[in-house]
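>>> Next input, structure requested:
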Amino acid sequence: MTHHHDAPERHIESRLIDRLLFFSDAVFAIVLTLLVIELHPPHLPPGSPEFYEELQTTLTHVVFFAMSFGLVAIFWAAHMSLLRRLQMFDWAVAWINLAFLFTITLMPFGTSMLMAQGITQISWQIYSSILIGASLGQTLLWLFVSRGGGRLMGGVDWRELLLRTLRGLAPGIAFVAGFYAAYIGRLDLAVWCGALIVPMMLVFRAVLGEGRASG
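This is a model prediction of the structure:
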């Protein structure tokens, strides 16, 4: 009799998890679409001096778009990796997930600031703040998902818990450095802060090993 009662509950649990994942993927897809909407081709006729100036501006915007696209893609891949083993729906996880997605939805705004003003102290600090928030949100999501080890298939050992926590914090650490560099007027260093993310992740993995967090 218990088995018959458990089956509908597991079905409901699975449906709720599916809705959580599908909604999250939809938000990421919309954010990436909004990023590309900010790109506009030159409006002046080719051959005029102003055309090449506008083309240069457009190419700079493409660089900002590519940078933001890559960062959002990193968060999406990490999000998918964190939740792919989720076997138990949890309202706390759902609300933390919404808070994390809120920071992701700010990416088009931060990118449009860079496109409109260029890399200035204030525009880069706003952009960095958004990514610091996303990093903290993702890390908090992981800590809620993994608490007790009972929400993930296979459980979580201390090594995976620490490794995924550090990997989640890596973008935040990188952009804290970028925020500070902009604050002291070193924009030439601030713009390269994102390059710290992958090396930090590789160092964390080398020290703690891969384990389940390799996905």
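
>>> name the element residue 136 belongs to?
Here residue 136, judged by DSSP states H and E, is contained in helix 121-146.

>>> The closest residue to residue 27 other than its chain neighbours and residue 193, how far apart?
In space, and not counting its chain neighbours, residue 27 is closest to residue 101: 4.8 Å by Cβ to Cβ, 6 or more residues apart in numbering. To be clear about C-beta, it is placed using only N, CA and C from the backbone, and glycine gets the same treatment. Separation of residue 101 from residue 193 (Cβ to Cβ, to the nearest Å) stands at 23 Å.

>>> re earlier: retrieve the pLDDT associated with the residue nearest to residue 27.
On pLDDT, residue 101 comes in at 97.

>>> quick one on the thing from earlier: how distant is the helix holding residue 136 from the center of its chain?
Centroid displacement of helix 121-146 relative to its chain, using Cα atoms, centre = their mean, to the nearest Å, is 8 Å.

>>> list the helices and strands the next helix or strand after that helix packs on?
Once the chain leaves helix 121-146, the next helix or strand it forms, by DSSP H and E, is helix 158-183. Contacts defined by 3 or more Cβ pairs under 8 Å, 6 or more residues apart in numbering; DSSP states H and E place helix 158-183 against helix 49-83, helix 121-146, helix 187-190, helix 197-208.

>>> Please work out which of the ones you listed is packed deepest.
Across the helices and strands packed on helix 158-183, averaging neighbours per residue (mean count of other Cβ atoms under 10 Å) puts helix 121-146 on top, at a mean of 21.

>>> Compute the inter-axis angle for it and helix 197-208.
Angle, helix 121-146 to helix 197-208, by axes from the mean of the first three to the mean of the last three Cα atoms, to 10 degrees: 30 degrees.

>>> so what secondary structure elements neighbour helix 121-146?
helix 49-83, helix 91-105, helix 107-117, helix 158-183, helix 187-190.

>>> need those helices in a markdown table with distance to residue 199, can you?
Below are the helices and strands packed on helix 121-146 laid out as a markdown table (distance: least, Cβ to Cβ, whole Å):
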| stretch | distance to residue 199 |
| --- | --- |
| helix 49-83 | 14 |
| helix 91-105 | 23 |
| helix 107-117 | 22 |
| helix 158-183 | 9 |
| helix 187-190 | 15 |
